[in-house]
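Visitor: Below are the sequence and a predicted model for it; my questions follow.
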Amino acid sequence: MIADFFNKLFSFLGGLFTGALNFLGDLFGDLFGLIWEGIKWIGNLLKMLFQGLVDILIGFFKVIYQLIEGLLYLIYMIGVLAVKLFLVIFEAAKVLWSLIEGFARTLGSLNYTPREGSGNGYSEMIGKLMTNLNVLQIDVIAYILLFSLWFITAVSAMKLISSIRVGGD
């Protein structure tokens with residue numbers, strides 16, 4: 001009997017506490033669910049209020065970023081152009097220097113000794129010109145004339161060779 005009494009008492013108290021705690025759990029669960037829904041609603045409200053401002057700021061910084069990117073690309077391309085221009089000028093200067101060096105070596109190697117020719121009038125004429133101009137100390141002009149004669153002969157030879165076609169036409 002005492003065992004039955006305590007069994008029923010503890011069953012009643014267990015049911016009472018279980019019901020009370022379930023009620024409190026449901027109550028607080030609903031309350032916390034309601035609080036969570038309120039927090040989500042406030043978050044959505046803030047998002048809706050500040051989304052326009054955030055979009056404007058993002059758009060502004062995108063424009064600034066693209067302007068900086070374009071400016072840096074312009075500076076890069078100016079550098080590329082400067083390097084290419086320098087290379088072209090450098091190559092042209094190398095060609096000009098080679099031309100000047102070739103002319104100087106050609107002029108330096110001109111050492112003309114007048115002698116009797118084999119029927120060619122140039123050698124005898126230039127020999128007379130050099131001896132007469134040597135007296136007047138303007139034999140440099142004779143060297144320049146000799147160089148021009150050589151240069152004109154070389155150009156004429158190149159023209160003649162380039163005009164000959166393969167096959168003899």
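Guide: Received, thanks. Numbering: from 1, shown residues only.
Visitor: which strands and helices sit next to the one helix or strand residue 13 maps to?
Guide: Assigned by DSSP states H and E, residue 13 belongs to helix 2-109. Here helix 2-109 touches helix 139-163, going by 3 or more Cβ pairs under 8 Å, 6 or more residues apart in numbering; DSSP states H and E. Bear in mind the C-beta positions are built from the backbone N, C-alpha and C, glycine included.
Visitor: Quick one: mean pLDDT over the helix it packs on.
Guide: Taken as a whole, helix 139-163 carries a mean pLDDT of 77.
Visitor: just how off-centre is that helix within its chain?
Guide: 47 Å (Cα atoms, centre = their mean, to the nearest Å).
Visitor: Stretch 67-76 now?
Guide: 11 Å.
Visitor: Send over it as PDB, restricted to the C-alpha atoms.
Guide: This file holds the C-alpha atoms of stretch 67-76, laid out as PDB (Å, rounded to 0.1, in the frame of the first residue of the first chain):
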ATOM      1  CA  LEU A  67      39.600  55.000 -63.100                       C
ATOM      2  CA  ILE A  68      42.700  54.000 -61.200                       C
ATOM      3  CA  GLU A  69      43.000  50.800 -63.300                       C
ATOM      4  CA  GLY A  70      42.700  52.900 -66.500                       C
ATOM      5  CA  LEU A  71      45.300  55.400 -65.300                       C
ATOM      6  CA  LEU A  72      47.700  52.700 -64.500                       C
ATOM      7  CA  TYR A  73      47.100  51.000 -67.800                       C
ATOM      8  CA  LEU A  74      47.700  54.300 -69.600                       C
ATOM      9  CA  ILE A  75      51.000  54.800 -67.700                       C
ATOM     10  CA  TYR A  76      52.000  51.200 -68.600                       C
END
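Visitor: Pull out the buried residues from it.
Guide: Within stretch 67-76, no residue counts as buried by 16 or more other Cβ atoms under 10 Å.
Visitor: what stretches of the protein score poorly on pLDDT?
Guide: 106-124, 126-127, 129-130, 133, 139, 142, 164-169 (pLDDT under 70).
Visitor: change it to 80
Guide: Applying pLDDT under 80 to the chain picks out residues 1-10, 12-17, 19-33, 99, 102-147, 154, 157-169.
Visitor: Residue 158: neighbour count?
Guide: 10 (other Cβ atoms under 10 Å).
Visitor: any idea how far residue 78 is from it?
Guide: Distance, residue 158 to residue 78, using Cβ to Cβ, to the nearest Å: 42 Å.
Visitor: helix/strand/coil for residue 137?
Guide: coil (DSSP: H, G, I helix; E, B strand; the rest coil).
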